[in-house]
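Q: The sequence and its predicted three-dimensional model are supplied below.
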Amino acid sequence: MTQPKGKVVWSIRWIVTVAAVLLTAGAVASVGAVAERNTRRALTAEIETRLLLDARTLALASTGAMLGDYPELTLHPLAKELLARQPELSVIVVTDIRGVVQGHPDVRSLGQSYAPPSKLRPIEDARLAQGETLGEDGGTLLASVPVTHPDGRRLGLAVVGMPRSYLDRVITDARRQQIAVLALFLGAAVLVPLVLVSQLLRPIATLRHGIERIGRGELDRPLVLRDRTELGLLATAINQMAGELQQAQADLVERERLAHEMELAQRIQRSLLPKGTARAGAFLIQGYHRPAAEVGGDYYDVFDLADGRIGVVVADVAGKGLAGCLVMSMVFSLMRAYRDGIASPASLLTQVDRRLAETLEPGSFVTLFYGVLDPNMGRMTYASAGHNPLVQYRARDRSVSRLSTRGIPIGAIRGGAIATTLEDHTLQLEPGDILVQYTDGVNETTNARGEQFGLERLGSTVAAAAAGGTASVIDAIVAAIATWTDHAPPADDETILVIAHQGTSEGDGASETLFSGDAEKLLHQARARGLAMTLPARMDALERIGAWLRGCPPARMLPERDFGLLTTTLYEVCANIVEHGYREDSSRSLDLWWVPDDLGATLFLVRDDGTPFTPDAAPDLDFGDPNVRSKGRGIGLQIIRRATRQATYVPGTREGNLTVLRFPHQREEA
């Protein structure tokens, strides 16, 4: 900040001080000849007034310094200057709120603790404001005034003291001179204050009007005040402040405009990303995006294609922020423009490269993965333009593999060279399989030692969380990255897209798939016509299933052997949910319904809101094998398979996870 120009010729401090001394001296001299006591009282009052004024002035001058980081750098010279002007003062101290000395003529006293004299005798004075004190300690008069913030908070204490001997000397000198100058002092005591106060108050009105204009927002009208005192310097400072306020207003408007544009860009980018979880037959598709800046250059999309197919896209623009966001928007538009007219993922990416290369600056490029999922066939056809390897989890053998391609990024080499590197790849997916595509902000994120998260660690995380479905995989990856980086802000945009084959069905030789909409319809039917019970998620509570079944019409008519098999099957289904979905959290519960079935089968429905999981897809067990019987694993699943005509677990519906169990009718052959 530039210092205001100008020079103080007449100090208001000295004008007021000298006027007060003259007036007090004149009053003392007028009565000194006949009343020594009155003279001493009047002069003492004047000295106390000056002390209090000095303390107030010192407190006022200390306010700004106490708000700074190093108040002693301002207060020490101030105290030293005050002592030089008034050598009669014996105490000049400014302390902070803790009593630590921040201002003192002697630099050695800075930082020391200051405590007021213990034998200080207070002097009653109506001039004292709140928090101010005036007292005498032996031969010293002390005045203390609190240093306060403009909002009223106390910042410290200013203390000024004067020896009583100085007062005595002044009284003696005054007594010697008062007779000779009695007439002169009487005239000055009347004329000088009137003239000085009139002259000093004249600029204050101009200052007040100028400050009021600034308060109304009129910042372009300078304050004109021709005065060579501190008031003239104050007028210059006010003009400078008004100019800086005007500039600050312009800067604030510009910052608000930029913030609004950035917020608009964020909303646009969020609108381009899919909302929630997509469902396509037995498949669940869910994404996650976290930009490194306010907006990012990563992009993923999920959209419907002809014949019930689903298109999935994951792209990473070289760069982040607004530039990356703009390129990402162009990729979004091109993918939406070509998706219905070009069936081959490789051909579509070639066309995107042809059009985007016309716009991208040299050195800019985009890595892009595009896949077409056929949920009816359980098949994914995809192509990758220089994007990260696709991570595939196989539920059959719980293996994780990385599927790389040789495609180059879009825009990396102009002239259509990408067409010679792109090719379509096809994957056949089975129930429980999971595909994970991501951007390099995931696998290349580094820890404090500079080590990358890496593809191996990513694959292990996917395998560990695969049983919980898409949400579980995304949560596990995000948590692993946060732990790896010690929860540091991302250095690059992070995007994850997970595709899970959720539909499984097994029964008496027939294989049928039950989707979330069908399961929800069955739940509505159960609520309208069925018989229900609620069980806490505890293994011991499942023993109540048998007693409940006795009240279900189809179960009452079963032979004891078939009734026992039905009870055991429902027990095993609920036990799997308690163990894998709820982790045996007894504070939660699951609902079991018997549902009247018009197709002649016995239908039961289980609803839970636990963590989705993928039921074990192991082959049928040979109970003649002693090793199978000794291990005991998978027996419950075999009971469910053999006892039911259909057993389908449908996770993540709007109503929660639903398990549908159809048992053969009692007239059917088991």
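A: Everything's here; your move.

Q: how many other residues sit next to residue 499?
A: 28 (other C-beta atoms under 10 Å). Where you see a C-beta, it was placed from the backbone N, CA and C, and this is true even at glycine.

Q: quick check: domain ranges of this structure?
A: Domains of the chain are assigned by automatic domain parsing as 34-177, 273-501, 505-663.

Q: Out of those, the one nearest residue 227 is which?
A: domain 34-177 (20.0 Å; C-beta to C-beta).

Q: how far is that closest one from where the chain is centred?
A: Distance of domain 34-177 from its chain centroid, counting by C-alpha atoms, centre = their mean, to the nearest Å, is 49 Å.

Q: what does stretch 488-502 give?
A: With C-alpha atoms, centre = their mean as the basis, the mean position of stretch 488-502 lies at 20 Å from the chain mean.

Q: What of stretch 537-544?
A: Distance, centroid of stretch 537-544 to centroid of chain: 43 Å (C-alpha atoms, centre = their mean).

Q: Please enumerate residues in contact with that stretch?
A: Here stretch 537-544 makes contact (C-beta atoms under 8 Å, 6 or more residues apart in numbering) with 533, 535, 571, 574-575, 577-578, 582, 584-590, 610.

Q: again, only using 6 Å
A: 535, 571, 574, 578, 582, 585-586, 588 (C-beta atoms under 6 Å, 6 or more residues apart in numbering).

Q: Out of these, list just those in strands.
A: The members of those that map onto strands under DSSP state E are residue 535.

Q: And for residue 222, the neighbour number?
A: Residue 222, neighbours per other C-beta under 10 Å, totals 15.

Q: what pLDDT, on average, does stretch 101-111 get?
A: In this model, stretch 101-111 has an average pLDDT of 89.

Q: Would you check that residue 519 makes contact with residue 652?
A: No. With contact defined as C-beta atoms under 6 Å, residue 519 does not count as touching residue 652 (10.6 Å).

Q: Can you tell me the SS state at residue 370?
A: Classification of residue 370 using DSSP: H, G, I helix; E, B strand; the rest coil returns strand.

Q: Isn't it up against residue 312?
A: No. If you go by C-beta under 6 Å, residue 370 and residue 312 don't touch, sitting 7.4 Å apart.

Q: More neighbours: which of those two?
A: residue 370 (29 against 25).

Q: out of the domains of the chain, nearest to residue 225?
A: Comparing these by C-beta to C-beta, domain 34-177 comes nearest, at 21.4 Å.

Q: hang on, the earlier thing: looking at the domains of the chain, which one has the lowest mean pLDDT?
A: domain 505-663 - the lowest mean pLDDT of those, at a mean of 77.

Q: Give me the distance from it to the chain's centre.
A: 43 Å.

Q: Quick one: the domains of the chain as CSV, columns for distance to residue 220 too.
A: What follows is the domains of the chain, written out as CSV (distance: least, C-beta to C-beta, whole Å):
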stretch, distance to residue 220
domain 34-177, 26
domain 273-501, 34
domain 505-663, 61
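
Q: so which helix or strand takes in residue 362?
A: Using DSSP states H and E, residue 362 maps to neither a helix nor a strand.

Q: can you count the residues close to it?
A: Neighbour tally, residue 362, other C-beta under 10 Å: 7.

Q: which residues does it contact?
A: Counting by C-beta under 6 Å, 6+ apart, residue 362 has no contacts.

Q: Next one: it from residue 64, what distance?
A: Using C-beta to C-beta, to the nearest Å, we find residue 362 at a distance of 55 Å from residue 64.

Q: same check, this time on residue 417
A: 68 Å.

Q: just residue 307 next, same as before
A: 76 Å.

Q: May I have the helix or strand that contains residue 650 as PDB, with CA atoms only?
A: If you go by DSSP H and E, residue 650 is part of strand 646-653. Only the C-alpha atoms of strand 646-653 are listed here, as PDB (Å, rounded to 0.1, in the frame of the first residue of the first chain):
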ATOM      1  CA  GLN A 646     -35.700 -72.100  -9.100                       C
ATOM      2  CA  ALA A 647     -33.400 -70.200  -6.700                       C
ATOM      3  CA  THR A 648     -32.500 -66.700  -7.800                       C
ATOM      4  CA  TYR A 649     -30.700 -64.000  -5.900                       C
ATOM      5  CA  VAL A 650     -31.400 -60.500  -7.300                       C
ATOM      6  CA  PRO A 651     -29.200 -57.900  -5.600                       C
ATOM      7  CA  GLY A 652     -29.500 -54.100  -5.500                       C
ATOM      8  CA  THR A 653     -33.100 -53.600  -6.500                       C
END
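
Q: The helix or strand that that strand is followed by pairs with which strands?
A: As assigned by DSSP H and E, the chain's next helix or strand after strand 646-653 is strand 656-663. Take DSSP bridges as the rule and strand 656-663 pairs in its sheet with strand 602-608 (antiparallel), strand 646-653 (antiparallel).

Q: Can you tell me the closest non-neighbouring residue to residue 139?
A: residue 164 (4.4 Å; C-beta to C-beta, 6 or more residues apart in numbering).

Q: Distance check, the residue lying closest to residue 109 once chain neighbours are set aside against residue 212.
A: Once flanking residues are discounted, residue 109 sits nearest to residue 101: 5.4 Å by C-beta to C-beta, 6+ apart. Look at residue 101 and residue 212: by C-beta to C-beta, they are 40 Å apart.

Q: Next: residue 385.
A: Relative to residue 212, and taking C-beta to C-beta, residue 385 is found at 66 Å.

Q: same check, this time on residue 362
A: Relative to residue 212, and taking C-beta to C-beta, residue 362 is found at 59 Å.

Q: repeat for residue 81
A: 34 Å.

Q: try residue 343
A: 75 Å.

Q: ok, what's across the strand from the closest residue to residue 661 other than its chain neighbours?
A: Excluding its sequence neighbours, the residue lying closest to residue 661 (C-beta to C-beta, 6+ apart) is residue 604, at 4.5 Å. Legend: beta-bridge partners of residue 604 under DSSP bridges are residue 594, residue 661.

Q: Begin at 56 from now on, thanks
A: Taking 56 as the first residue, the last one we looked at is residue 659.

Q: What about residue 659, how many residues nearby?
A: When neighbours are counted by other C-beta under 10 Å, residue 659 comes out with 27.

Q: Would you quantify the distance from it to residue 648?
A: 7 Å.

Q: Ok, residue 174 next?
A: 89 Å.

Q: more neighbours, these two?
A: Taking neighbours as other C-beta under 10 Å, residue 174 and residue 648 compare with residue 648 leading, 20 against 9.

Q: Test my guess that the more buried one contacts residue 585.
A: Yes. Between residue 648 and residue 585 a contact is recorded at 4.2 Å, counting by C-beta under 6 Å.

Q: Next, count neighbours for the closest residue to residue 646 other than its chain neighbours.
A: Spatial nearest neighbour of residue 646, chain neighbours left out: residue 662 (4.5 Å); criterion: C-beta to C-beta, 6+ apart. Residues near residue 662, counting by other C-beta under 10 Å, number 22.

Q: residues contacting residue 662?
A: 646, 711, 713.
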